[in-house]
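J.: fold the following and give me the result.
(one chain, ligands or ions: 1)
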Amino acid sequence: MIPFNKPVHLGTELSAMAEAILKNGHVAGGGPFGKRCEAMLEQMLGLRTLLVTSCTHALEMAALLLEVGPGDEFIVPSYTFVSTANAFALRGAKPVFADVDAHGNLDLAHVEKLLNPRTKAVLVVHYAGNSCDMEALLKLCGDVPVVEDAAQALAASFDGKPLGTFGVCSAFSFHETKNIGCGEGGALTLRDPNLIDRAEYIRDKGTNRRKFQNGIVDKYTWVDIGSSYVLSDLNAAYLSTQLEALPRIQARRKQIYSAYEEALTEPVERMGGYIVKGSPRISGNQHLFAIVFRSPEHRTGYIAHMRKHDIITPFHYVALHQSPMGQKFHDGSSLPVSERLTGCLVRLPLYFNMTDAERDEVIGRTQEFLRAL
Ligand SMILES: Cc1ncc(COP(=O)(O)O)c(C=O)c1O
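T.: Numbering: from 1, shown residues only. A predicted model of the protein is given here:
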């Protein structure tokens with residue numbers, strides 16, 4: 001069986017976790033490994049970054065920081081994971097769904113039509129570790145804050161600037177399906193320095209505990225609303241090994257991705273489909289390799305063909321404006337590209353520990369299917 005994903009396994013994760021337990025005696029949040037991970041992320045991104053329990057929680061923190069509430073609207077792509085919309089809907093705000101381009105990133109012409117005085121924020125998702133034209137998006141939004149859902153975008157950049165550093169704040173994921181992970185985990189990056197203190201309170205149950213730990217105040221107390229969003233040092237220990245190995249992990253993903261691209265672009269295009277990719281201004285992170293077929297029937301046939309050969313090739317997402325919850329907010333209009341990707345996109349297995357034989361089997365079986373179409 002070739003699964004769609006296997007969590008990265010370097011072999012060093014367990015000893016780091018043992019160090020957290022046995023040497024540091026600190027496994028709750030805010031310990032030495034958490035600090036080390038934050039320092040590495042801050043080095044990469046150049047911005048204050050808080051380690052949190054998931055990307056979903058980082059997005060919830062963004063909604064709290066922006067004081068989003070009932071009566072507000074936020075623009076969000078329909079073609080995304082539920083958390084992008086849910087984190088803001090949870091505060092009582094209304095999602096307004098924008099369509100995406102053929103490669104799954106925000107359609108800026110549509111965003112322009114949707115912006116209005118009730119728009120409290122625009123959420124941009126960097127699908128597959130690519131992005132829309134971030135410069136144009138920021139210009140279009142003017143004073144309306146842009147929040148980046150960079151769940152899939154660590155180590156990717158637009159015009160040489162890391163994704164996750166454009167918006168007022170950004171959310172990353174370290175879920176096991178991401179390029180690096182720790183089971184469940186995430187990070188919130190803050191470009192606006194005025195948000196840092198509040199973000200730390202919100203992460204730590206509404207307390208100024210971090211200031212207490214840093215010797216800035218002599219006791220800690222309740223100072224704001226908040227919840228429990230800090231990542232445990234056990235998870236941070238696991239994550240630290242993968243952050244340190246990021247260049248090696250990225251290099252292997254790139255090898256697999258390039259082999260897929262080289263072998264499959266021509267036969268996919270010959271059958272009227274295409275491979276999801278970023279514009280030349282993007283340096284991608286090979287987060288996922290996705291094919292968009294000409295029709296849903298081709299996709300269904302492909303998934304069944306691969307399944308017959310024990311290879312798992314899942315699709316995603318159900319466009320949010322068509323989901324049972326999304327329909328409650330949406331006006332019923334069609335968002336044609338999101339709907340087309342919902343019906344025609346499929347993802348190929350791609351993970352760090354994939355063997356060359358597995359990679360070649362995926363390529364061979366895909367070519368076999370395309371030849372027979
Ligand atoms: C675009 C996007 N946003 C948010 C998330 C949620 O991430 P997490 O599982 O870390 O909460 C994901 C995870 O798959 C995602 O792909």
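J.: confirm that P314 sits in a strand.
T.: No - assessed by DSSP: H, G, I helix; E, B strand; the rest coil, P314 does not belong to a strand; its assignment is coil.
J.: can you give me the strands in the stretch 51-200 of the chain?
T.: Using DSSP state E, counting those that start in this stretch, the strands assigned to the stretch 51-200 of the chain run over residues 73-77, 94-98, 119-125, 146-149, 157-158, 161-162, 169-173, 186-190.
J.: now render the ones you listed as a markdown table, adding distance to the ligand, mean neighbour count and mean pLDDT.
T.: (C-beta placed from N, C-alpha, C; glycine too.) Output for those, formatted as a markdown table (distance: least, CB to the nearest ligand atom, whole Å; neighbours: other CB atoms under 10 Å; pLDDT from 0 to 100):
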| stretch | distance to the ligand | mean neighbour count | mean pLDDT |
| --- | --- | --- | --- |
| strand 73-77 | 9 | 27 | 98 |
| strand 94-98 | 14 | 23 | 98 |
| strand 119-125 | 5 | 24 | 98 |
| strand 146-149 | 5 | 26 | 98 |
| strand 157-158 | 16 | 22 | 98 |
| strand 161-162 | 17 | 17 | 98 |
| strand 169-173 | 3 | 29 | 98 |
| strand 186-190 | 5 | 26 | 98 |
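J.: which stretch among those strands comes nearest Y220?
T.: Between Y220 and those, the tightest spacing by CB to CB is seen for strand 186-190, at 20.4 Å.
J.: which SSE is immediately downstream of the lowest-mean-pLDDT helix or strand in the chain?
T.: One helix or strand of the chain scores below all others by mean pLDDT, DSSP states H and E: helix 209-213, with a mean of 91. Reading on from helix 209-213 to the C-terminus, the next helix or strand found by DSSP states H and E is helix 233-244.
J.: tell me if that next one is near the ligand.
T.: No - contact between helix 233-244 and the ligand, assessed by CB under 6 Å from any ligand atom, is absent, since the two come no nearer than 11.6 Å.
J.: please identify the buried residues of the least confident helix or strand of the chain?
T.: Residues of helix 209-213 classed as buried by neighbour count (16 or more other CB atoms under 10 Å): 209-211.
J.: near the ligand, which residues of the stretch 51-200 of the chain are found?
T.: Counting by CB under 6 Å from any ligand atom, the positions of the stretch 51-200 of the chain adjacent to the ligand are 54-56, 80-81, 83-84, 125, 149, 151-152, 173, 175, 186.
J.: which ones among these map onto helices?
T.: When DSSP state H defines the helices, the subset of these inside them is 55-56, 83-84.
J.: I'd like these as JSON lines, with distance to R365 and neighbour count appended.
T.: Supplementary listing: those in JSON lines, determined by distance: CB to CB, whole Å; neighbours: other CB atoms under 10 Å:
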{"residue": "C55", "distance to R365": "32", "neighbour count": "28"}
{"residue": "T56", "distance to R365": "34", "neighbour count": "24"}
{"residue": "S83", "distance to R365": "32", "neighbour count": "22"}
{"residue": "T84", "distance to R365": "33", "neighbour count": "27"}
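J.: low-confidence regions, the stretch 101-250 of the chain specifically.
T.: Counting by pLDDT under 70, not a single residue of the stretch 101-250 of the chain qualifies.
J.: can we see that at 90?
T.: 213-214 (pLDDT under 90).
J.: hang on, the earlier thing: among the strands of the stretch 51-200 of the chain, which is nearest T265?
T.: Once CB to CB is applied to these, the stretch that comes out nearest is strand 157-158, at 22.7 Å.
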